[in-house]
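Engineer: predicted model and sequence below, questions to follow.
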Amino acid sequence: MKRICLILLLIAGALSGYAQQKKWKAPKQPKRPKWEAPKEVAPEVIDVWRPYNVADNWFLELYGGASYSLAENMAGHSFGKLCRPMFDFGFGKQFTPVLSTRFTIGYKNQKGRASKQAMEVSSLLGEGDYNYQVLVMYLDEMLSLTKWLCPYDEMRKLDVQMFVGAGVNYSWNFDDKVDKWARYGYPVDGTDHLNWAARAGLLAMWKVSESADISLQGSFNIVNDNFNGVKHSAGFAFDSYVDVVAGVRLHLADHYGSSRYYKVRRWEATSLRGTETKVADLLDNERIKEYQSRESAETVAFGELMKTRISFYVDRTFVNDYQMQNIRIVADFLKKNPEVNLVIKGYCGASEKSESPDMHLAERRVESVKKALVKYYNVDASRLETQFDETATAPFPMKGEWIDGVVFLMVRK
């Protein structure tokens with residue numbers, strides 16, 4: 001009996017201990033994040049300057065105006081007599097949109113004057129005036145304040161530039177009468193003089209066309225003291241004069257057919273930035289594939305438009321590097337199909353803020369495309385006819401800020 005009671009007590013104790021233990025539960029699994037497909041990184045759109053070479057962005061200048069002498073003995077003299085005619089010719093090159101270098105050569109008809117003391121002593125000096133000729137050559141460094149301080153604006157008309165220059169000043173052909181002035185108390189050296197010269201000034205230009213500006217320029221010039229034939233008594237001194245001229249600057253065409261610095265819009269693969277080799281290979285492969293597919297899509301269909309179109313950024317008329325590939329497709333199509341001629345049709349498609357037939361966008365776009373076909377791909381100009389409408393809406397919708405401004409209509413030869 002005792003054994004049975006002992007066994008029952010042991011069983012009851014074991015069951016009581018088991019009942020007090022907590023029920024075991026499996027640990028919770030951490031929450032897994034929801035899987036999402038990686039997002040495609042959109043290409044970044046950037047505006048960059050077109051690449052230029054040494055033969056691009058040259059210009060010519062022609063000026064005429066007046067030179068006002070500030071040399072000794074000029075104070076109180078007649079303003080009209082001191083303003084002498086002058087002419088300048090120059091040429092230069094823009095190395096960047098902001099910096100340029102210019103060489104000028106100018107002619108001046110200058111006037112000198114004897115001192116009041118000498119004229120009071122000797123009446124033989126008369127009014128004390130004498131004339132001489134001056135040839136000036138300068139090398140100027142120019143900084144465009146407008147393009148440096150203001151954001152890029154292709155349609156801007158006004159450009160203000162600051163310049164400093166150094167060069168030489170050659171004076172000759174003094175009046176014969178100055179040879180006798182030494183005996184009258186005011187010696188003038190009538191021989192030829194070659195002196196150093198320096199200047200600084202401002203140039204304001206107003207754009208009147210793609211290749212021409214009208215200009216107004218003012219400069220302050222210093223030159224070695226004896227350029228007027230009279231040496232100052234001091235050990236070192238200089239004479240000075242002010243030039244004010246107006247004229248024209250002509251911009252020569254670059255290898256794109258344009259006459260000014262322009263930006264183009266390009267796409268950069270953000271995900272591959274920093275690996276230039278991969279970017280270059282990717283772009284080259286994509287360009288080759290795209291070119292081959294678009295070239296094979298062109299077929300002869302008289303009276304219909306080619307699938308290849310030339311896009312332009314709003315308000316722009318030049319052909320960028322990418323569109324030159326499209327023009328190449330057109331040129332190859334004409335070579336493969338000698339029975340086909342093309343009518344190059346242009347449309348305006350300006351932005352609302354500057355839309356105006358006066359801009360001649362359609363005409364200039366057509367001419368840019370025709371020029372590229374003839375000049376760079378040797379297409380016979382007789383196979384190309386041009387049509388443009390400054391008011392008609394382009395047959396294709398705008399893509400962002402780009403418009404298919406030029407299309408090609410196939411006609412029989």
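Structural biologist: Yep, it's here. This is a predicted model, so every value here is computed, not measured.

Engineer: nearest spatial neighbour of the spatially most central residue of the chain, skipping sequence neighbours?
Structural biologist: Closest residue to the average C-alpha location of the chain: Tyr261 at 2.5 Å, with Cα atoms, centre = their mean. The shortest distance from Tyr261 to any non-neighbouring residue, by Cβ to Cβ, 6 or more residues apart in numbering, is to Pro97 (4.4 Å). From N, CA and C alone the C-beta is placed, and that goes for glycine too.

Engineer: ok, the one you found - contacts?
Structural biologist: 49, 144, 147, 152, 261 (Cβ atoms under 8 Å, 6 or more residues apart in numbering).

Engineer: does it count as helix, strand or coil?
Structural biologist: When classified by DSSP: H, G, I helix; E, B strand; the rest coil, Pro97 comes out as coil.

Engineer: relative to Thr146, how far out is it?
Structural biologist: From Pro97 over to Thr146 the distance is 10 Å, taken as Cβ to Cβ, to the nearest Å.

Engineer: equivalent analysis for Val178, please.
Structural biologist: Taking Cβ to Cβ, one finds Val178 at 46 Å from Thr146.

Engineer: between those two, which one's more packed in?
Structural biologist: Val178 (21 against 16; other Cβ atoms under 10 Å).

Engineer: quick one: secondary structure of that one?
Structural biologist: Judged by three-state DSSP, the three-state class of Val178 is helix.

Engineer: just the element for Lys371, please.
Structural biologist: helix 361-377 (DSSP states H and E).

Engineer: er, Arg294 I mean
Structural biologist: Per DSSP H and E: helix 276-296 holds Arg294.

Engineer: next one: Ala166
Structural biologist: Secondary structure here is read from DSSP H and E; on that basis Ala166 sits in strand 158-172.

Engineer: can I see the domain layout of this structure?
Structural biologist: Taking automatic domain parsing as the domain assignment, the record places the domains of the chain at 57-251, 297-412.

Engineer: tell me where the stretch 201-350 of the chain has strands.
Structural biologist: Listed in chain order, the strands of the stretch 201-350 of the chain (DSSP state E, counting those that start in this stretch) span 212-224, 238-251, 263-268, 310-313, 340-347.

Engineer: rank those by pLDDT, which is bottom?
Structural biologist: Across the strands of the stretch 201-350 of the chain, strand 263-268 has the smallest mean pLDDT, namely a mean of 64.

Engineer: before we move on, the earlier item: mind listing what's buried in the helix holding Lys371?
Structural biologist: Within helix 361-377, the residues that count as buried by 16 or more other Cβ atoms under 10 Å are 361-373, 376.

Engineer: try stretch 99-118
Structural biologist: Buried residues in stretch 99-118, counted by 16+ other Cβ under 10 Å: 100, 102-104, 106, 108, 110-114, 118.
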